[in-house]
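K.L.:
what follows is a protein structure lacking sequence information:
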């Protein structure tokens, strides 16, 4: 019992690593005024994860942007939520730990 209480309040408790280590975005304004965006997200975790979520707002006050031709270098699905495009990236059948690089 004493060991359990000590481990709960020990400031040296082990913390999980789960973060984006680098984010890079290449943005091109096309001749037709559309915008092409390529994002590179470097992610690392020591947890067992399926992937990440990328949330992209497409509604701003009274303006709505069209988001088309979404591609990812991994299995993905999309949905919308409260004016945002939500990209669920990763394999729902497999988990991983370590480093991943996602390109959207």
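P.N.:
Right, received. Where do you want to start? Predicted, not measured: the structure shown is a model, and the values here were computed from it.

K.L.:
drop to CA atoms for contacts and neighbour counts, all remaining ones
P.N.:
Noted.

K.L.:
correct me if wrong: residue 54 contacts residue 86.
P.N.:
Yes. At 5.9 Å, residue 54 counts as touching residue 86 under the criterion of C-alpha atoms under 8 Å.

K.L.:
settle it for me: which of those two has more neighbours?
P.N.:
Per other C-alpha atoms under 10 Å, whichever of residue 54 and residue 86 has more neighbours is residue 86, with 17 against 13.

K.L.:
for residue 58, see how far away that one is.
P.N.:
Distance of residue 86 to residue 58, given as C-alpha to C-alpha, to the nearest Å: 10 Å.

K.L.:
ditto for residue 71
P.N.:
Residue 71 sits 17 Å away from residue 58, going by C-alpha to C-alpha.

K.L.:
so which bits of stretch 82-99 are buried?
P.N.:
For stretch 82-99, a neighbour-count test (16 or more other C-alpha atoms under 10 Å) marks 85, 86, 87, 88, 89, 90, 96, 97 as buried.

K.L.:
which of those lies closest to residue 35?
P.N.:
For the buried residues of stretch 82-99, the residue nearest residue 35 by C-alpha to C-alpha is residue 85; the value is 16.1 Å.

K.L.:
pull the contacting residues for the closest one.
P.N.:
55, 56, 57, 58, 78, 79 (C-alpha atoms under 8 Å, 6 or more residues apart in numbering).

K.L.:
can you get me a residue count around the nearest residue to the fourth one once chain neighbours are set aside?
P.N.:
Yep, that's residue 58 we're talking about. In this structure, residue 58 finds its nearest non-sequential neighbour in residue 65, 5.1 Å apart by C-alpha to C-alpha, 6 or more residues apart in numbering. Look at residue 65: counted by other C-alpha under 10 Å, it has 10 neighbours.

K.L.:
which secondary structure elements does the host helix or strand of residue 20 contact?
P.N.:
Here residue 20 is covered by strand 18-29, with elements defined by DSSP states H and E. With contacts defined as 3 or more C-alpha pairs under 8 Å, 6 or more residues apart in numbering; DSSP states H and E, strand 18-29 has these neighbours: strand 35-49.
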